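Peer 1: This is a predicted model, with the sequence first.
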Amino acid sequence: MRAIFAIFCLCILAQAKFVLNEGEIITPMLAEKIEILGAETQDKTGVGVYVLATKSLGGESLENYALNFASNLSSPYALLVFAEAEHKVEIYGSPEALALFDREQILSVGSGGRIIPIIASQKTDLNQTQKIGVYNAALLNGYAEICDQIAASKGVGLENSIGNTNNNFINFLRYIFYATLIFALGSYLYKKGRKNGAK
């Protein structure tokens with residue numbers, strides 16, 4: 001059974017177009033999601049969005065490492081790069097692609113950031129499998145946000161968008177919270193008004 005799973009994983013990664021996986025950080029399940037979202041983004045916007053994850057840069061700078069891969073990509077493109085050992089993440093791209101999304105917001109440490117807050121929040125006592133899970137979550141969030149922003153700037157919607165699902169759920173919870181708050185306040189004021197009217 002493990003042999004079949006290993007063959008399946010290798011097949012997915014061998015056919016990968018948008019996943020440039022150097023160090024076995026990106027799981028096959030994540031690679032499949034990225035491939036689907038990447039293909040839809042490129043079909044609808046003309047922009048290729050790629051992700052490159054490696055265990056180590058081997059003494060090379062992150063920029064040089066990324067640009068070696070980027071030299072084989074067709075413009076317009078965006079390239080999300082992560083190096084585990086150096087704990088570095090960056091987004092590179094062609095000028096026309098970089099103009100379509102807010103790179104600083106996606107990489108920010110604040111509440112708007114999609115990658116660094118997840119990587120920075122991980123505990124130090126995690127085993128390698130747990131770390132890979134954290135890295136995959138961060139890379140998926142960042143990749144999806146890049147795709148969503150590019151699609152929005154081109155005026156198209158993405159059916160396979162991960163960010164929209166999360167945002168819709170959060171907005172739904174927010175509406176329920178506010179509706180409950182308004183209902184409770186209205187009930188309180190109604191009861192207080194009836195009590196004052198009875199005197």
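Peer 2: Thanks, I have it.
Peer 1: quick one: the helices in the chain?
Peer 2: 2-14, 28-45, 62-70, 95-98, 103-107, 116-120, 128-153, 162-198 (DSSP state H).
Peer 1: which one of those helices lies closest to Ala83?
Peer 2: Nearest of the helices of the chain to Ala83, taken as Cβ to Cβ: helix 62-70 at 6.0 Å. For every residue, glycine as well, the C-beta is placed using N, CA and C.
Peer 1: what packs against the closest one?
Peer 2: Packing partners of helix 62-70 (3 or more Cβ pairs under 8 Å, 6 or more residues apart in numbering; DSSP states H and E): strand 48-54, strand 77-83, strand 88-93.
Peer 1: could those strands go into CSV alongside distance to Glu63, mean pLDDT and mean neighbour count?
Peer 2: Output for the helices and strands packed on helix 62-70, formatted as CSV (distance: least, Cβ to Cβ, whole Å; pLDDT from 0 to 100; neighbours: other Cβ atoms under 10 Å):
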stretch, distance to Glu63, mean pLDDT, mean neighbour count
strand 48-54, 12, 93, 24
strand 77-83, 9, 92, 24
strand 88-93, 7, 91, 20
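Peer 1: how about those in TSV, adding distance to Gly197?
Peer 2: Output for the helices and strands packed on helix 62-70, formatted as TSV (distance: least, Cβ to Cβ, whole Å):
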stretch	distance to Gly197
strand 48-54	63
strand 77-83	63
strand 88-93	62
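Peer 1: returning to what we had before: present the helices of the chain as a markdown table; the columns should include mean pLDDT.
Peer 2: Shown next, in a markdown table, are these (pLDDT from 0 to 100):
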| stretch | mean pLDDT |
| --- | --- |
| helix 2-14 | 38 |
| helix 28-45 | 92 |
| helix 62-70 | 90 |
| helix 95-98 | 94 |
| helix 103-107 | 87 |
| helix 116-120 | 65 |
| helix 128-153 | 87 |
| helix 162-198 | 71 |
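Peer 1: Those: which one's closest to Phe82?
Peer 2: Closest to Phe82 of the helices of the chain, according to Cβ to Cβ: helix 128-153, at 6.1 Å.
Peer 1: So the closest residue to Glu35 other than its chain neighbours versus Leu62, what's the distance?
Peer 2: Excluding its sequence neighbours, the residue lying closest to Glu35 (Cβ to Cβ, 6 or more residues apart in numbering) is Phe18, at 5.7 Å. Distance, Phe18 to Leu62, by Cβ to Cβ, to the nearest Å: 19 Å.
Peer 1: ok so, going back, closest one to Val134 among the helices and strands packed on helix 62-70?
Peer 2: Comparing the helices and strands packed on helix 62-70 by Cβ to Cβ, strand 77-83 comes nearest, at 11.2 Å.
Peer 1: so how far is Ser108 from the closest residue to Ser74 other than its chain neighbours?
Peer 2: Using Cβ to Cβ, 6+ apart and skipping residues adjacent in sequence, the residue nearest Ser74 is Gly48, 6.5 Å away. Distance, Gly48 to Ser108, using Cβ to Cβ: 24 Å.
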